[in-house]
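# Below are the sequence and a predicted model; questions follow.
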Amino acid sequence: MNSYKEQITVKSYETDHKGNLKPFVFMNHAQEMAGADAIRLGFGFDDLIKNGNVWVLSRVHVKFLRMPEWREVLEMETWHKGADRLFGFRDFRVSDKSGNEIILATSSWLVINYETRRVQRIESILRSDLTDSQNIDAIKEPAARLYSPGDLLLTSKRVVTISDIDINKHTNNARYVEWAMDAIKPEVGFNMSVKEMWINFNNESLAGDEIDLYTSYDPSLFVEGKRGETSIFQLKILNG
């Protein structure tokens, strides 16, 4: 199965104080390319919504071998990597103009019913040749389930606003990464170099929800967003 590719130029508003790509920006590009490739393969948003279903991102693992820089021209590639009973798998690769790999990622997706929000079996959504699809691995192992450390401390709160909501009527996945980075101590964030990150999207949040953000710094940076006792998302970062 052929991969889907796009050329990307890093914009100034996509960079941090060092002129490097912000991690949440990669998430924005990844979800857009995933959607475009799914349309190409016949199981995009328009195809699924006919039967009342939508894709939602569940888990992601990203390796930043090098952070892209402002004005850099990149090639981003993605491919569908098959499925099991619940998860559909998709990998990503970003290369610089010399063809060097600089970002590798793997992701796990669920299909839910738009009205009931119940998870659907992948076999009922995809053709058999897509369910059993095999491709090369950007990262071999599927994105891992995260377990929260015991020393998390409440550090800030966010109220979900209209600008956080996407076409699935819930908070967009990239916003959680942005919230997590904002929850980090400034003295840590300004000196941090993200080498690897893992994200679990555990439950939806909706407009008006108040999300408590908890952080831990040792041995790895960990941020969890919770609505009451319900875990909304977890993010783990390996700082280089």
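Thanks, I have it.

# residues contacting Thr171?
Contact analysis of Thr171 by CB atoms under 8 Å, 6 or more residues apart in numbering lists Val160, Asp164, Ile165, Glu204, Ser205, Leu206, Asp209, Ile232. (Glycine included, C-beta is placed from N, CA and C.)

# The last one in helix, strand or coil?
By that I understand Ile232. strand (DSSP: H, G, I helix; E, B strand; the rest coil).

# and if you look at Tyr214?
At Tyr214, secondary structure determined by three-state DSSP is strand.

# hmm, which two among the contacts of Thr171 are most spread apart?
With CB to CB as the measure, no two of the contacts of Thr171 lie farther apart than Ile165 and Ile232, at 13.9 Å.

# So which of those two has more stuff around it?
The residue with more neighbours, out of Ile165 and Ile232, is Ile232; 24 against 16, by other CB atoms under 10 Å.

# Quickly find the element holding the closest residue to the more buried one other than its chain neighbours.
Distance criterion CB to CB, 6 or more residues apart in numbering; nearest residue to Ile232, sequence neighbours excluded, is Gly225 at 4.4 Å. Assigned by DSSP states H and E, Gly225 belongs to strand 221-227.

# pLDDT weak spots in this structure?
Across the chain, the ranges flagged by pLDDT under 70 are 1, 127-134.

# Do a quick rundown of the helices in it.
Using DSSP state H, the helices found in the chain span residues 23-41, 45-49, 128-131, 173-183, 186-189.

# Surely Arg227 touches Leu213?
No: using CB atoms under 8 Å, Arg227 is not in contact with Leu213, being 11.0 Å away.

# So for these two, which sits in the more crowded spot?
Leu213 (23 against 16).

# Please tell me how far the more buried one sits from Trp179.
Look at Leu213 and Trp179: by CB to CB, to the nearest Å, they are 6 Å apart.

# Need the residues touching each of the two.
Contacts common to Leu213 and Trp179, judged by CB under 8 Å, 6+ apart, are Arg158, Val223, Gly225.

# who's in contact with the residue nearest to Ser12 when sequence neighbours are not counted?
Spatial nearest neighbour of Ser12, excluding adjacent residues (CB to CB, 6+ apart): Trp70 at 5.9 Å. If you count contacts by CB under 8 Å, 6+ apart, Trp70 has them with Val10, Lys11, Ser12, Thr15, Gly19, Asn20.
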